[in-house]
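> Pasting the sequence and the predicted model now:
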Amino acid sequence: MATVAVVGTGRMGAAMAVRLAGAGHELVLFNRTRSRADELAGQTGARVAGTAAEAAGGAELVLVSLADDAAVSETYHGPDGLAAGLGPGVVVLESSTIAPATVRALAPLVGERGAALLDTPVSGSVPVVQRGELTVLAGGDAAALARARPALDSFARHVFHLGPLGAGATMKLAVNSVVYAINQAVSEALVLAEKAGVDRAAAYQVFAGSVAGAPFLDYKRDAFLEPATTPVAFTLALVAKDLELIGELASQVGARMDLAGAGRALVAEAVAAGYGDRDLSALAVLLRG
Ligand SMILES: NC(=O)c1ccc[n+]([C@@H]2O[C@H](COP(=O)([O-])OP(=O)(O)OC[C@H]3O[C@@H](n4cnc5c(N)ncnc54)[C@H](OP(=O)(O)O)[C@@H]3O)[C@@H](O)[C@H]2O)c1
């Protein structure tokens, strides 16, 4: 079992930390808002570090799960930053959803400490982590990924190695563009059926059980049917961030993404209307009016 530093104990980082602890790994936690890490330490028996550098020092693996590109860049740099604490042979698993260019830009900083950087963004949400069924989309050195596999396997069912550093981040944006298209399609079609007089649960059952059915429909069932009482798994603010990243990548490589463009406009409207902290399925609540 490895000593694993978990940097960022938000929804995903915390859920992954619980699975790592359950598998017997020794944990060190760091979070910008310390109280969040302290609470998690109570549940997992982990130690809490005062800085990202302290968390990384002595760890064999560092798992990072932060909100966005700015949070990631801030957390790696500086005398108290993650990179400053790294030693030779450490593997850094960058699991935040960020631009491929951002993770590639961090490679020299990590490499000069003799450590290896992998991009390992994840597909699936909190309940999927809790079941140990996450999908990891990895880019970077295969040997470093093999060293990290026992830790990743504590919360993941599939680990896809997609190519050099940045390939995981690229695929994460590609797969999220599919997820957000499904989310918007289900939100619109559910509200269409309801407004036309069909019972919400009956309509949802048809989506889930018909040729349109996808695993997303099963695990978002409670969120769509009981939006007021189902815990938030993934916020619309993060969806808005991802749709911007998808748009930027599409322009860089010259890919046409009409659905993502429509999604960006609707999600921006939802965030402006105060839905930023709500689950992505709350698009249906917005559309219900
Ligand atoms: N939730 C999901 O279903 C899901 C699924 C796949 C991928 N992801 C991705 O995983 C990442 C984390 O998502 P999440 O849902 O766990 O988000 P979250 O619950 O909002 O947690 C965000 C984390 O980022 C930290 N953070 C934010 N801004 C920061 C800054 N400027 N400097 C340092 N730390 C900062 C937060 O620290 P504080 O506690 O101090 O605010 C917190 O630890 C995101 O990139 C997201 O897109 C999420």
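On my side now, so go ahead.
> what's around the residue in the chain positioned nearest to the ligand, how many residues?
Nearest to the ligand in the chain, going by Cβ to the nearest ligand atom, is residue 10, at a distance of 1.8 Å. Quick note: C-beta positions are derived from backbone N, CA and C, even for glycine. Residue neighbour count, defined by other Cβ atoms under 10 Å, stands at 18 for residue 10.
> ok, now residue 162?
16.
> next one: the one 5 residues further on
Residues lying near residue 167 (other Cβ under 10 Å) number 19.
> isn't it right next to residue 119, touching?
Yes - counting by Cβ atoms under 8 Å, residue 119 is a contact partner of residue 167 at 7.3 Å.
> what about the residue nearest to residue 203 when sequence neighbours are not counted, distance to residue 288?
Nearest non-adjacent residue to residue 203, counting by Cβ to Cβ, 6 or more residues apart in numbering: residue 193, 3.8 Å away. Residue 193 is 12 Å from residue 288, where distance means Cβ to Cβ, to the nearest Å.
> Look up phi and psi at residue 47.
Backbone torsions for residue 47, taken as degrees, to the nearest 10, come to phi -90, psi 150.
> Look up which residues are beta-bridged to it.
residue 28 (DSSP bridges).
> which residues touch it?
By Cβ atoms under 8 Å, 6 or more residues apart in numbering, residue 47 lies in contact with 27, 28, 29, 41.
> mind listing what's buried in stretch 197-209?
Using 16 or more other Cβ atoms under 10 Å as the test for burial, stretch 197-209 gives 200, 203, 204, 207, 208.
> What are the contacting residues of that stretch?
Contacts with stretch 197-209, where a contact means Cβ under 8 Å, 6+ apart, come from 186, 189, 190, 193, 194, 213, 217, 218, 221, 224, 225.
> So which residues of the stretch 151-289 of the chain form helices?
For the stretch 151-289 of the chain, the helices defined by DSSP state H, counting those that start in this stretch occupy 167-195, 200-209, 215-219, 221-225, 236-253, 258-270, 283-288.
> Need those in TSV (columns: distance to the ligand).
Formatted as TSV, those follow (distance: least, Cβ to the nearest ligand atom, whole Å):
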stretch	distance to the ligand
helix 167-195	7
helix 200-209	19
helix 215-219	10
helix 221-225	11
helix 236-253	4
helix 258-270	13
helix 283-288	15
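> how many neighbours does residue 80 have?
14.
> Can you tell me the SS state at it?
coil (DSSP: H, G, I helix; E, B strand; the rest coil).
> What distance do you get for it to residue 26?
Distance from residue 80 to residue 26, by Cβ to Cβ: 22 Å.
> that older thread, out of the contacts of stretch 197-209, flag the one nearest to residue 264.
Closest approach between the contacts of stretch 197-209 and residue 264, by Cβ to Cβ: residue 186, at 17.6 Å.
> my read: the closest one touches residue 224, true?
Yes - Residue 186 is in contact with residue 224 according to Cβ under 8 Å; the separation is 6.7 Å.
> Could you confirm residue 92 falls within a helix?
No - residue state for residue 92 (three-state DSSP) corresponds to strand; a helix is not indicated.
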